[in-house]
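Asker: Give me a model of this one.
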Amino acid sequence: VGAAAAPPSGVATAARLARDVLDVAVRTGKPGLHQLTDVLLEYQLSRPSAALEPLAAIVRPLSEELVQTLEVYLRRGARRPAATELHVHPNTVDYRLRRVAELTGLDPTRIEHVTLLAAALVARSAADQRKDRH
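Answerer: I've put the predicted structure just below:
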């Protein structure tokens, strides 16, 4: 659920913002009730800009399987919980993360690369949604 508070004169604007917040929360796998402050980074990264497509391009070489593994790994924060959620052996997660690093040049196990990879996933989702609308 997306929510935004507003005075009576701002209800239409707040409704659009709440819909956008909901859209971002759904695309980033965040269930529950959300306000803009809950998805600030994801919201900003999904807005139109010159950086959106180049950011999304970072993860374009990845197969859907690798994207899913990367998303779960980043959300769960470790290989064993990711393996459990994906119903695969932890070594499979390790292999897939190595493939992500080979294909993107960014290693999801290195903290300095995590933010850029997470941002690229959000941008990919936003860019794909924009393409679907047109």
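Asker: Can you list the buried residues in the helix ranked longest in the chain?
Answerer: Identified as the longest helix of the chain according to DSSP state H is helix 111-133. Neighbour-count burial for helix 111-133, counted by 16 or more other CB atoms under 10 Å, picks out 113-114, 117-127. Quick note: C-beta positions are derived from backbone N, CA and C, even for glycine.
Asker: Ok, stretch 59-73 next?
Answerer: With the criterion 16+ other CB under 10 Å, stretch 59-73 contains buried residues 59, 62, 66-67, 69-73.
Asker: Of the residues you listed, just say which sits nearest to Asp23.
Answerer: Relative to Asp23, the closest of the buried residues of stretch 59-73 is Glu71; by CB to CB it sits at 16.9 Å.
Asker: looking at it, the closest one is touching Leu121, isn't it?
Answerer: Yes - counting by CB atoms under 8 Å, a contact exists between Glu71 and Leu121, whose distance comes to 6.1 Å.
Asker: Run through the chain and note the low-pLDDT ranges.
Answerer: Low-confidence segments of the chain, defined by pLDDT under 70, are located at 133-134.
Asker: Show me where the protein has its helices.
Answerer: When secondary structure is read from DSSP H, the chain shows helices at 11-27, 40-45, 52-57, 64-76, 79-86, 90-104, 111-133.
Asker: Which one of those lies nearest to Gly2?
Answerer: When the helices of the chain are compared (using CB to CB), the closest one is helix 11-27, at 3.1 Å.
Asker: the inter-axis angle of that closest one versus helix 111-133?
Answerer: 120 degrees (axes from the mean of the first three to the mean of the last three CA atoms, to 10 degrees).
Asker: Which residues lie in contact with Leu74 in this structure?
Answerer: Going by CB atoms under 8 Å, 6 or more residues apart in numbering, Leu74 touches 108, 114, 117-118, 121.
Asker: which of those lies closest to Val26?
Answerer: Proximity of these to Val26 was ranked by CB to CB; the top entry is Leu121 with 14.1 Å.
Asker: ok, so what distance separates the closest one from Tyr73?
Answerer: From Leu121 over to Tyr73 the distance is 11 Å, taken as CB to CB, to the nearest Å.
Asker: That'll do, ta.
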